[in-house]
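Chemist: Turn this into a model:
(one chain, ligands or ions: 1)
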Amino acid sequence: MPLYTSAEIYRHAHEGGYVVAGFDSYCLEVIQAHVRAANAEKAPFLLQVTPKGFRHIGVSYFAGIARAAIEESRVPVALHLDHGTTLEEIVSCIRNGFSSVMIDGSMLPFEDNLALTGKVVEIAHAAGVSVEAELGRVLGKESDVEVRAGEEDFTDPGAAAEFARETGVDALAVSVGNIHGFYRGEPRIDFRRLEAIHRQVPVPLVFHGGSGLGAEVIEKAGRLGVRKVNIGTAIKKAFADGIRAFWAEHPEEFDPRRVLGPAREAVVEELRGTLRMFGASGRSPRGGRWQEEAAE
Ligand SMILES: [Zn+2]
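Modeler: Numbers count the residues shown, from 1 in each chain. So this is what the prediction gives:
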């Protein structure tokens, strides 16, 4: 069971100079696709779920399937809550064996976000669990967090430095032009702002809204402290496209196994490409465990 905290995975990614993928999931076939893609590419990764994902599959079902997925995995994996907004969600995930949680207080005033995040860090670190928080508002909708056009807010470098220092978070999600959902036209990332954040904030940075960011953006972001990029939209699209393509060829088919199998494969193919683009392929240690941990 190569379960690691996200902080441990980011440390190795930092040393190796690559970007870690955070894959969102909510059903059996998609979870299997993530494990298959990461194992085929020998890439460490984060298996993620949002509160909305939990409402689809159920916490105990997810925890059970995730346990099986981690047992099957031969690459380092962190089990991560994406966009948690309440202490109850955080505690529930820690109890269910998660090694990493995000508390998203980005919709709160700065002081309230700081207080909530600090509380989560206290609880999670006591259990050996990593914490990601967010400062600034990322345009678009993800789980229970929605930011409409005109309400987005880029992360302030000075505030981010204070926030990271005061809370003790392990990673910080930033808003610098990245968005949840589909990009209209070319993504416009404010790299000068990202560089300023990177200079002042000592923890790994996270991009939400990674679907549609090209190799050039990922490579540049990786050099400016971005250690994890979340993938959600591209997974949904690959899965739906896989189903549509299968049904276009086999309109009479009604067996879910025959429909969902090709959809799962479509996600595997999509994410193998993502992992290669992130420079994460081939980074898993032999046997799925980093040496110092194996020696313990
Ligand atoms: Zn997100």
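
Chemist: Please work out the average pLDDT along stretch 134-145.
Modeler: The pLDDT scores in stretch 134-145 average 91.

Chemist: Is any residue of it near the ion?
Modeler: Yes. Against the ion, stretch 134-145 shows contacts by C-beta under 5 Å from the ion at residue 142. To be clear about C-beta, it is placed using only N, CA and C from the backbone, and glycine gets the same treatment.

Chemist: Pull the residues that contact that stretch.
Modeler: Under the criterion C-beta atoms under 8 Å, 6 or more residues apart in numbering, residues 50-53, 82-83, 85, 102, 104-107, 110, 113, 146-149, 151-156, 159-160, 163, 172-176, 178-181, 206, 208-209, 232 lie in contact with stretch 134-145.

Chemist: Might one say that residue 127 is in contact with residue 93?
Modeler: No. Here residue 127 does not reach residue 93: they are 10.1 Å apart, not a contact under C-beta atoms under 8 Å.

Chemist: So for these two, which residue has more residues nearby?
Modeler: Between residue 127 and residue 93, residue 93 has the larger neighbour count (other C-beta atoms under 10 Å), namely 26 against 13.

Chemist: how about the more buried one, what does it touch?
Modeler: Counted by C-beta under 8 Å, 6+ apart, residue 93 has contacts 81, 84, 101.

Chemist: Quick check on the contacts of stretch 134-145: which are buried?
Modeler: Buried residues within the contacts of stretch 134-145, counting neighbours by 16 or more other C-beta atoms under 10 Å: 50-53, 82-83, 85, 102, 104-107, 113, 147, 152, 154-156, 159-160, 163, 172-176, 178-181, 206, 208-209, 232.

Chemist: What's opposite the residue of the stretch 51-200 of the chain found nearest the ion in the beta bridge?
Modeler: The ion sits closest to residue 142 of the stretch 51-200 of the chain, with a gap of 4.0 Å, by C-beta to the ion. Counting by DSSP bridges, residue 142 is bridged to residue 145.

Chemist: Okay, residue 93 and residue 116: tell me how far apart.
Modeler: According to C-beta to C-beta, to the nearest Å, residue 93 and residue 116 sit 15 Å apart.

Chemist: just residue 10 next, same as before
Modeler: Distance from residue 10 to residue 116, by C-beta to C-beta: 22 Å.

Chemist: swap in residue 235?
Modeler: Look at residue 235 and residue 116: by C-beta to C-beta, they are 28 Å apart.

Chemist: List the contacts of whatever residue of the chain ends up closest to the ion.
Modeler: Going by C-beta to the ion, the ion is nearest to residue 208 of the chain, at 3.2 Å. Residue 208 makes contact with 134, 138, 142, 173, 178, 180, 230, according to C-beta under 8 Å, 6+ apart.

Chemist: Could you identify the longest helix within the chain?
Modeler: For the chain, the helix with the greatest residue count under DSSP state H is helix 256-277.

Chemist: Thanks a lot, see you next time.
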